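Student: need a structure here:
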Amino acid sequence: MSFQTIRPDTWEELHTQLFENDWDEELKRHRSTCVFRGMTNSNWGLDTSLQRLGGPIQDIEYHLLRNFKKYAHRNVVERDSFWNWLTVAQHHGVPTRLLDWTYSPYIALHFATDNISSMNIDGVVWVVDMPSVHGLLPNALKEHLRNEGSFVFTTEMLENFSQTGIKQSREGNTINIDMFASSISSLRDFGGLHHKDFGLFFEPSSIDDRVVNQFALFSVFSGCRIPIHDWLSSNQIVAKKIIVPASLKWKVRDRLDQSNITERVIYPGLDGLATWLKRHYSKGPEN
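Tutor: Residues are numbered from 1 along each chain as shown. Got it, this is the predicted structure:
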């Protein structure tokens, strides 16, 4: 099964596709279970920054994180948590196996239309149903999520996760069976939780206003080389690829600006303000 690919012809069709099936019958509210990722080029896949780095990334990954932690200031993270360090590294541009997503379809549309030099190229918004991904988690992680009464993980939940297992050892003709507790303190621990590939979504702590304003969360998979698009397709995850046609990009961009979905909000501070002003006063499309 492959991604459902949709190419809307109008703003109205695009808007409908982004908010499709968001009705929660139990809550009697419009609450989507989907997450969104926007990109300016529809030919780009769901590759992580670590995968785009290339080479023996399974070895490079460890050294990237080790050296980031080694050279970063001591007060970079609130707690000396592996998941917090991984999140901060991703946030500051270190190649990791994390992939950025948002709960907001409008934020995703922003990232599909924020580069005015690419307005003549079709953009894309990827839409993935989070519960269908989490339905394939190892049982211990599913139980942990269920016990929290949540449908998404947090860094704190992952940090506090532990499971009990059985360890066998042999002494002569005797097999000793001992119980042991394990937690996730490294990516190797995370990948070793299940014999099958799996992924999950988690919310980072509020590192700064960018994370908050972008309504951000991350995906992380059990292996750094897992081709995410292929994994989602082969496991029949509820997902779709919405093409943002080049012919619609300027209309989408102008309507997002009118709705205050701009760099000055998404990247609070002088850099975001300057980027917004530069784009806002740039020449529009040739008619």
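Student: give the contact list for the residue nearest to residue 137 when sequence neighbours are not counted.
Tutor: Among residues not flanking residue 137 along the chain, residue 198 sits closest, at 5.6 Å (Cβ to Cβ, 6 or more residues apart in numbering). C-betas here are computed from N, CA, C, even on glycine. Applying Cβ atoms under 8 Å, 6 or more residues apart in numbering, we find residue 198 in contact with 136-138, 141, 221-222.
Student: residue 274: neighbouring residues, count only.
Tutor: By other Cβ atoms under 10 Å, the residues close to residue 274 number 13.
Student: what is the mean pLDDT for the strand or helix carrying it?
Tutor: According to DSSP states H and E, residue 274 maps onto helix 270-280. Across helix 270-280, the average pLDDT comes to 94.
Student: who's in contact with that helix?
Tutor: So helix 270-280 is in contact with 114, 116, 257, 262-267, going by Cβ under 8 Å, 6+ apart.
Student: residues contacting the closest residue to residue 243 other than its chain neighbours?
Tutor: Closest residue in space to residue 243, ignoring its immediate chain neighbours: residue 7 at 4.3 Å, by Cβ to Cβ, 6+ apart. By Cβ under 8 Å, 6+ apart, the contact list for residue 7 reads 242-243, 245.
Student: still on that earlier bit, hey, C-alpha coordinates of the helix holding residue 274 in CSV?
Tutor: This file holds the C-alpha atoms of helix 270-280, laid out as CSV (Å, rounded to 0.1, in the frame of the first residue of the first chain):
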residue,chain,number,x,y,z
LEU,A,270,14.8,39.8,15.2
ASP,A,271,15.9,37.1,12.8
GLY,A,272,12.3,36.0,12.2
LEU,A,273,11.1,39.6,11.9
ALA,A,274,13.8,40.3,9.3
THR,A,275,13.0,37.2,7.3
TRP,A,276,9.3,38.0,7.3
LEU,A,277,10.0,41.6,6.2
LYS,A,278,12.2,40.5,3.4
ARG,A,279,9.6,38.1,2.0
HIS,A,280,6.7,40.4,2.6
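Student: list the buried residues for that helix?
Tutor: 272, 275-276, 279 (16 or more other Cβ atoms under 10 Å).
Student: which among the residues you listed gets closest to residue 106?
Tutor: Closest approach between those and residue 106, by Cβ to Cβ: residue 276, at 15.3 Å.
Student: so where do the helices sit in the stretch 101-250 of the chain?
Tutor: Counting by DSSP state H, counting those that start in this stretch, the stretch 101-250 of the chain has these helices, from start to end: 105-113, 130-134, 139-147, 155-160, 187-191, 209-213, 228-234, 246-258.
Student: for those helices, which one ends up most surrounded?
Tutor: helix 105-113 (a mean of 24; mean count of other Cβ atoms under 10 Å).
Student: that helix to helix 246-258, inter-axis angle?
Tutor: 130 degrees (axes from the mean of the first three to the mean of the last three Cα atoms, to 10 degrees).
Student: list of residues touching helix 105-113?
Tutor: 18-19, 36-40, 102, 119, 123-127, 214-215, 244, 249, 252-253, 256, 259, 261-262, 266.
Student: can I get the CA coordinates of it in PDB?
Tutor: Only the C-alpha atoms of helix 105-113 are listed here, as PDB (Å, rounded to 0.1, in the frame of the first residue of the first chain):
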ATOM      1  CA  PRO A 105      -2.000  22.200   9.100                       C
ATOM      2  CA  TYR A 106      -1.400  26.000   8.700                       C
ATOM      3  CA  ILE A 107       2.100  25.800  10.100                       C
ATOM      4  CA  ALA A 108       2.800  22.900   7.700                       C
ATOM      5  CA  LEU A 109       1.400  25.100   4.800                       C
ATOM      6  CA  HIS A 110       3.800  27.800   5.900                       C
ATOM      7  CA  PHE A 111       6.800  25.500   5.400                       C
ATOM      8  CA  ALA A 112       5.500  24.500   2.000                       C
ATOM      9  CA  THR A 113       5.300  28.100   0.900                       C
END
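Student: about what we covered before: closest one to residue 24 among the helices of the stretch 101-250 of the chain?
Tutor: Judging these by Cβ to Cβ, what sits closest to residue 24 is helix 130-134, at 11.4 Å.
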